[in-house]
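A.B. asks: Using only what follows, build the 3D model:
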Amino acid sequence: MAIETLGAVRLFVSSIERAYSFYRDVLEFDDIAYEPGEHGFAVFTMDQNGIMLVVEEINGEDAAVLVGRFAGLSFVTSDIEAEVAQLRAKGVTVIDKPEEQPWGGILANFADPDDNILTLVQYPDM
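C.D. replies: Numbers count the residues shown, from 1 in each chain. Predicted coordinates for the structure are as follows:
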């Protein structure tokens, strides 16, 4: 037996409705596997391999630790400058402008409504 692939990534938020609107309407993640309801989470299918982003509402003491931090999630784009401009036009806080990295790619960080820090990446030769 061997691990075959990454199945899902969980991102914690303080309001599932606000987060759902952001990821669906602002970031335009339209492949929705599970809409939010009383359960407090939503699931977006991210690629043809079935990797999912689970956006989960969390409150109380855990929220202080898990919400509003560097998430370590990178979303791939082929035109990072255009993507950053589009995010800014939609009112998204762009934390770091696109910057070329020593390995040749370009990174930019932005925040969701809960100040979770997310990353855009444009790989070399895209």
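A.B. asks: And the helices in this protein, which stretches?
C.D. replies: 16-21, 61-66, 80-89 (DSSP state H).
A.B. asks: and stretch 110-123, how far apart are its ends?
C.D. replies: 17 Å (Cα to Cα, to the nearest Å).
A.B. asks: likewise stretch 66-81?
C.D. replies: 29 Å.
A.B. asks: would you list every one of the strands in this protein?
C.D. replies: 8-13, 32-34, 41-45, 52-57, 70-76, 94-100, 106-111, 117-122 (DSSP state E).
A.B. asks: before we move on, back to that, out of the helices of the chain, which gets the lowest mean score?
C.D. replies: Lowest mean pLDDT within those: helix 61-66, at a mean of 88.
A.B. asks: Most tightly packed of the helices of the chain?
C.D. replies: helix 16-21 (a mean of 17; mean count of other Cβ atoms under 10 Å). Bear in mind the C-beta positions are built from the backbone N, C-alpha and C, glycine included.
A.B. asks: packing partners for that helix?
C.D. replies: Packing partners of helix 16-21 (3 or more Cβ pairs under 8 Å, 6 or more residues apart in numbering; DSSP states H and E): strand 41-45, strand 52-57.
A.B. asks: Specify the beta-bridge partners of the closest residue to D79 other than its chain neighbours.
C.D. replies: The shortest distance from D79 to any non-neighbouring residue, by Cβ to Cβ, 6 or more residues apart in numbering, is to Q122 (7.1 Å). Following DSSP bridges, Q122 is listed with bridge partners I106.
A.B. asks: Could you pull up the residues touching Q122?
C.D. replies: By Cβ atoms under 8 Å, 6 or more residues apart in numbering, Q122 lies in contact with 76-80, 98, 105-106.
A.B. asks: Buried among the residues you listed? Need that as a selection in PyMOL.
C.D. replies: Per 16 or more other Cβ atoms under 10 Å, the buried members of the contacts of Q122 correspond to this PyMOL selection:
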select buried, resi 77+80+98+105+106
